[in-house]
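> Could you work out the structure for the sequence below:
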Amino acid sequence: MNIVRITDISAPELHDFTGLTDVAMRRVREPAEGLYLAESPKVIERALRVGHRPRAVLLAEVWLEQMEPLFAAYPDVPVYVGDSEQLEQLTGFNMHRGALASMHRPAPLDPVELLRSSRRVVVLEDLADHTNVGAVFRSAAALGVDAVLLSPGCADPLYRRAVRVSMGAVLQVPWARLPDWREAGPLFRDEGYELTAFALRDDAQDLAEFVTDIPDRLALMFGTEGPGLSRRALASAARSVVIPMEHGVDSLNVATAAALALWAVRTGDAQALKATAGVGAAS
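Numbers count the residues shown, from 1 in each chain. Sure thing, here's the model as predicted:
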């Protein structure tokens, strides 16, 4: 392991790790510079496991021994080691998780190819909160979603907070950016998907009824909690679904709503599979 002791936090080789609390700057810098940050040993391990390549590593001294086996195969990757005060001055926050890795950002995936190789996908329109994006990815991974498709205005899944909240699921679930709705809407129809919008509409179907007859290829679409889905997104959807609620509550956090919807669809799929198996056994 190529260990480099930090002596000057203003050294240019530490550039990947500077100004991490400046969200606006990092949102621009990281994609432009072809990097993302994996935070914590568990997330770094997942990134390496899926084949992402490290650029540099930043460690607290006490984590050096634990992290050494992960980077044994990367002798040319610098591992910068410093004390807690140096790391906090450099990054702008207390690195209590002990480790940060600057990773090469993977090449973007083609949304059409992703749709063709999938069966159950999630579509996120213009979610600005990285925490919500990360939470949706974590549910998607846990509940068997094949891919996530993002509108052009959706927050970056590889931003540090999204990666952390997802517990690395953004590195496991394939995702791609969609074009605008004039092009994106026809993509779903051409690839045989029923694009289903979760929206508070008068004609929306109850989720419990929806999952009794789930299409073979399904795209579940979620929007922001305030404005909801845009008019173009709703116009592109084949139908709308609503999660019924009580006590005057009209909506849920988008990540919670997505988790409930994905669980319901997974349950509906399982019931359909059992029914099919029963028919086969009876015949």
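> What residue spans form the domains of the chain?
According to automatic domain parsing, the chain comprises the domains 2-104, 111-279.
> Please tabulate these in CSV, including the columns mean neighbour count and mean pLDDT.
Where C-beta positions appear, they are placed from N, C-alpha and C, glycine not excepted. CSV is the format used below for these (neighbours: other Cβ atoms under 10 Å; pLDDT from 0 to 100):
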stretch, mean neighbour count, mean pLDDT
domain 2-104, 16, 91
domain 111-279, 18, 92
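> residue boundaries of the helices in this protein?
All helices of the chain, identified by DSSP state H, fall at 23-32, 41-49, 64-67, 84-91, 111-116, 130-142, 160-165, 181-190, 207-210, 231-236, 254-282.
> Which one of those lies nearest to G98?
Of all the helices of the chain, it is helix 41-49 that lies closest to G98, at 7.0 Å by Cβ to Cβ.
> Which strands or helices does that closest one pack on?
strand 35-39, strand 54-60, helix 64-67, strand 99-104 (3 or more Cβ pairs under 8 Å, 6 or more residues apart in numbering; DSSP states H and E).
> Can you check what angle separates the first one from strand 54-60?
Our comparison of strand 35-39 with strand 54-60, counting by axes from the mean of the first three to the mean of the last three Cα atoms, to 10 degrees, yields an angle of 30 degrees.
> Name the strands paired with strand 35-39 and say parallel or antiparallel.
Here strand 35-39 is paired, per DSSP bridges, with strand 99-104 (antiparallel).
> can you give me how far stretch 169-179 is from the chain middle?
Mean-position distance between stretch 169-179 and its chain equals 6 Å (Cα atoms, centre = their mean, to the nearest Å).
> give the contact list for W181.
S230, R232, A233, A235, S236 (Cβ atoms under 8 Å, 6 or more residues apart in numbering).
> now the residues you listed as TSV including distance to V133?
Below are those laid out as TSV (distance: Cβ to Cβ, whole Å):
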residue	distance to V133
S230	17
R232	20
A233	17
A235	24
S236	21
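> Which member of these is positioned nearest G134?
Closest to G134, out of all of the contacts of W181 and judged by Cβ to Cβ, is A233, at 21.4 Å.
> That closest one reaches E125, doesn't it?
Yes - the criterion here is Cβ atoms under 8 Å, and A233 meets it with E125 at 5.1 Å.
> what touches both of those two?
Joint contacts of A233 and E125 (Cβ under 8 Å, 6+ apart) are S151, M221, G223.
> Now for I44: which residues touch it?
By Cβ under 8 Å, 6+ apart, I44 lies in contact with A38, P54, V57, M67, L70, A99, A101.
> For beta bridges, what are the partners of the first one?
With DSSP bridges as the criterion, A38 is bridged to A101.
> Same check on the second one?
Under DSSP bridges, the beta-bridge partners of P54 are M103.
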